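Chemist: give me coordinates for this.
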Amino acid sequence: MKRYKFLAVIIAALFVTSCDLLDRPPLNDMVDDATFWSSEINVRLFANEFYPQFFVGYNSSFTVDYTPVRGNVFNDDVVREGPQLFFDNAVPPSLGSSLITPGPAWRLTWAGPTWYFGWIRKANMMKARIETHMSDILNEEQYNHWMAVARFFKALDYCRLVSVFGDVPYFEREISALDVNTMFKDRTPRNEVMDSVYNEFRFVLENLREDDGAFRQRLTRDVAAGFISRWMLFEGTWQKYHNNDEERARKFLEFSVYASEILMNSGRYRIHGPFRELFGSQNLAGHAEMIIFRGYSATVPVMHCIASYSNPFVEAQAHSANLDLVKSFIVHDGDVWQNSTIADADRFDLQNLIRTRDPRFEATFFNQLSVRAASLLYAVKFNDRIGPALTSAELARPENARYISNTNTNDAPVVRFGEILLNWIEAKAELATLGAGSVSQADIDRSINALRARPLDNVAIANGAQLTALMQLSALPDDPARDADVPALIWEIRRERRMELFWELPRLLDLKRWRKIDYMRGRDNENILRGIWVDIPNEIPAMLTIAPSTATTTNHQTRVPNVRVQTELGNPASIVRFTVVFDDNGEVVSSNRDDMVGFFLPINVADREPFTDRVYLSPVGLDQIELYRSRGFRLTQTPGW
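Modeler: As a prediction, the model looks like this:
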């Protein structure tokens, strides 16, 4: 089947006509021309512009917005050299855009959009034009489907905006240039916005087509159900942990369960194939786990760079996995490392981790330490098994262009069945704590144990990986690191999510909805600032290469390079820095090379700047507030800012 590359061509005449809530340039003539709104194919062309914004996948070229490896790097899973990225510590001058085309709409440290309502306006415009021009052109099924498309993208954008800002202005319809009172309305309370989103999503599930052609690359009822599963879980847990509103929490969590079960009960999806095939495949068409994927091709051309940044011989990973993430991986006997009966489960060197941990560890990380990763632990999850095994000479060959630069062509999951299973079991477990239902062993078998039973490929087996024992509800791990306020089942579900979805979705949003932003503080958890256990002299000796000294004085010269390890966690005095002593002629007298064995410390690593709970929600830019004021209106600032 020829794949439909939905992101290959964006019709130039269909650009979004406004990028800023308060900047409303003239509408594109084609969009407002009744002759354009005269056929279903033209409605489809108009809707296609939403796709690269909301079905991002690996994005395109070197763009990092919403991408793994390059974009979703602000969380407690990764560490970088020097001070860690920090939250906003002051209200920014501006968080909007006055461009006619979309412009910047992604904020890395918030894992979401700027104060930008162009996509909301486009969705409202689509609704209005269908109502005005197409009620006599489209049949009832077509009319309802395309109205559902517009309402889906509107609701989806509001989910992202609310995740960043909380209260945001809600616009029910397209705004006239003369309707300044609506244009400059203040922020709508979060609950009111999300109730409207809930209703929009209900309409969507009742009216979107189950099949719209272009197998698993167009918006359908299943695709919408996948996003609804994700975002209703977000809102339900936010309501539970932030607002202590059990009624509203149940409302959204039950909707997440409902949407998830549409997919789970359809018979169209299942856990299928080795883990790496989900992310490095050149063709995901027909894959049983793909609900929607983004296709790439060198001939269209639409390509990306994420596989290049998942190859230790091509690009560096400025952010890479920290010790805290590594310690969260369960041992293959199904227990935590502190209690496991597997030999050497308490060791944290790379080869031992590959042999003893859940096989998703082996599938996620390169089997050698790499100086191209800030923590030396390099993630190869978003590449196939071939790319990282090629030599430099092989990578230079034209037929291997798919592994280098911004010419990667492996397809990207956008929503996959594995995430749906985790959304479903988490929503059910959260509902159980609210007295709404329970979780059974059959539920665990259908979700977490289905993921653990995923087959291994030959490379994983050769590297020593083993399938993890199935979870037993009656014998959950007794994790000494578990937060006292988190039930054991929910703790283990969160662990499973962390192992399965590393770098796919913004973990920052998980921390926020669980009200666990304190995990981002190194002062409370030094493991987020550390790498795994390394024997540098034997595993990666190039780091200890000693350059000749340029000393000319008569005194011995001591050089203290940046390479450091920590031999004992929790004890600052156990930090060892690589030290070299030279004689008067610049020759090495001694070094502590053999002492460089311990938990690796990225160069000049330091904790992020202090932050408070106000960072759960973003401030609004000063320019946006001033613009309201200058027009005689008031835009409320986010609480705490």
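Chemist: all strands of the stretch 451-600 of the chain, in order?
Modeler: 533-535, 557-559, 564-566, 575-577, 580-582, 588-591, 597-601 (DSSP state E, counting those that start in this stretch).
Chemist: chain center to the last one: distance?
Modeler: The chain centroid and the centroid of strand 597-601 are separated by 28 Å under C-alpha atoms, centre = their mean, to the nearest Å.
Chemist: cool, and stretch 319-330?
Modeler: On the basis of C-alpha atoms, centre = their mean, stretch 319-330 sits 16 Å off its chain's mean C-alpha point.
Chemist: show residues contacting that stretch.
Modeler: Contacting residues not belonging to stretch 319-330 are listed as 73, 76-80, 336-337, 348, 353, 357-358, 360-361, 364-365, 373-379, 468, 477, 481, 495, 498-499, 502, 519, 525, 527-532, 599 [C-beta atoms under 8 Å, 6 or more residues apart in numbering]. All C-beta atoms are positioned from the backbone trio N, CA, C, and that covers glycine.
Chemist: who wins for proximity to residue 513 among the strands of the stretch 451-600 of the chain?
Modeler: Closest approach to residue 513 among the strands of the stretch 451-600 of the chain (C-beta to C-beta): strand 597-601, 30.3 Å.
Chemist: now restrict the contacts of stretch 319-330 to buried residues only.
Modeler: Listed as buried from the contacts of stretch 319-330 are 73, 76-80, 336-337, 348, 353, 357-358, 360-361, 364-365, 373-379, 468, 477, 495, 498-499, 502, 519, 525, 527-532, 599; burial here means 16 or more other C-beta atoms under 10 Å.
Chemist: just read off the phi/psi values of the nearest residue to residue 496 once chain neighbours are set aside.
Modeler: Of all residues not flanking residue 496 in the chain, residue 448 sits nearest, at 5.3 Å (C-beta to C-beta, 6 or more residues apart in numbering). Main-chain dihedrals, residue 448, degrees, to the nearest 10: phi -60, psi -40.
Chemist: residue 448 contacts residue 425, doesn't it?
Modeler: Yes - Residue 448 is within contact range of residue 425, at 6.3 Å (criterion: C-beta atoms under 8 Å).
Chemist: the strands in the stretch 301-450 of the chain, which residues?
Modeler: Going by DSSP E, counting those that start in this stretch, the stretch 301-450 of the chain shows strands at 319-321, 412-416.
Chemist: how about the ones you listed in CSV, adding mean pLDDT?
Modeler: As requested, the strands of the stretch 301-450 of the chain are exported to CSV (pLDDT from 0 to 100):
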stretch, mean pLDDT
strand 319-321, 98
strand 412-416, 98
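Chemist: indicate which one of those strands is closest to residue 583.
Modeler: The closest of the strands of the stretch 301-450 of the chain to residue 583 is strand 319-321. By C-beta to C-beta, the value is 37.4 Å.
Chemist: can you list the strands that the closest one pairs with?
Modeler: strand 78-80 (antiparallel) (DSSP bridges).
Chemist: the helix or strand following the strand it pairs with - what's its average pLDDT?
Modeler: Remark: after strand 78-80, the chain's next helix or strand is helix 118-133, criterion DSSP states H and E. Across helix 118-133, pLDDT averages out at 96.
Chemist: give me the next element, helix or strand, following helix 118-133.
Modeler: By DSSP H and E, the next helix or strand past helix 118-133 is helix 140-165.
Chemist: tell me the buried residues in that following helix?
Modeler: Across helix 140-165, burial judged by 16+ other C-beta under 10 Å covers 143-165.
Chemist: ok, back up a step: okay, the strands of the stretch 301-450 of the chain in JSON lines with distance to residue 85 and mean neighbour count next?
Modeler: Converted to JSON lines, the strands of the stretch 301-450 of the chain look like this (distance: least, C-beta to C-beta, whole Å; neighbours: other C-beta atoms under 10 Å):
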{"stretch": "strand 319-321", "distance to residue 85": "8", "mean neighbour count": "25"}
{"stretch": "strand 412-416", "distance to residue 85": "24", "mean neighbour count": "24"}
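Chemist: can you put those strands in a markdown table and add distance to residue 400?
Modeler: Shown next, in a markdown table, are those (distance: least, C-beta to C-beta, whole Å):
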| stretch | distance to residue 400 |
| --- | --- |
| strand 319-321 | 24 |
| strand 412-416 | 19 |
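Chemist: figure out which of the ones you listed is closest to residue 307.
Modeler: strand 412-416 (9.9 Å).
Chemist: by contact count, what packs against the closest one?
Modeler: Strand 412-416 is packed against helix 221-241, helix 277-280, strand 290-294, with contacts defined by 3 or more C-beta pairs under 8 Å, 6 or more residues apart in numbering; DSSP states H and E.
Chemist: of the ones you listed, which is nearest residue 193?
Modeler: Nearest to residue 193 among those is helix 221-241; the distance by C-beta to C-beta comes to 10.0 Å.
Chemist: read off the pLDDT value for residue 342.
Modeler: In this prediction residue 342 is given a pLDDT of 98.
Chemist: my guess is it meets residue 353, correct?
Modeler: No - assessed by C-beta under 8 Å, residue 342 is found out of contact with residue 353, at 11.5 Å.
Chemist: point out where the stretch 101-250 of the chain drops to low pLDDT.
Modeler: For the stretch 101-250 of the chain, residues meeting the criterion pLDDT under 70 lie at 101-104.
Chemist: try it again at 80.
Modeler: Across the stretch 101-250 of the chain, residues meeting the criterion (pLDDT under 80) sit at 101-105, 214-215.
Chemist: next one: the stretch 251-400 of the chain
Modeler: Those would be none, if you go by pLDDT under 80 across the stretch 251-400 of the chain.
Chemist: returning to what we had before: out of the contacts of stretch 319-330, which are inside helices?
Modeler: Residues of those located in helices (DSSP state H): 353, 360, 361, 364, 495, 498, 499.
Chemist: hang on, the last one packs against residue 358?
Modeler: The reference is to residue 499. Yes - taking contacts as C-beta under 8 Å, residue 499 lies within contact range of residue 358: 5.7 Å.
Chemist: state the distance from the residue nearest the centre of the chain to residue 323.
Modeler: Computing the C-alpha centroid of the chain and ranking residues by C-alpha atoms, centre = their mean puts residue 505 first, at 2.2 Å. Separation of residue 505 from residue 323 (C-beta to C-beta, to the nearest Å): 22 Å.
Chemist: again, but for residue 518
Modeler: 17 Å.
Chemist: try residue 476
Modeler: Taken as C-beta to C-beta, the span from residue 476 to residue 323 is 24 Å.
Chemist: and the two? which has more neighbours close in?
Modeler: For residue 476 versus residue 323, the count of surrounding residues by other C-beta atoms under 10 Å is larger for residue 323: 24 against 17.
Chemist: show me the contacts for residue 368.
Modeler: Applying C-beta under 8 Å, 6+ apart, we find residue 368 in contact with 312, 350.
Chemist: repeat for residue 341
Modeler: Taking C-beta under 8 Å, 6+ apart, one finds 333, 335 in contact with residue 341.
Chemist: for it, phi and psi?
Modeler: The phi/psi pair for residue 341 (degrees, to the nearest 10) is phi -90, psi 0.
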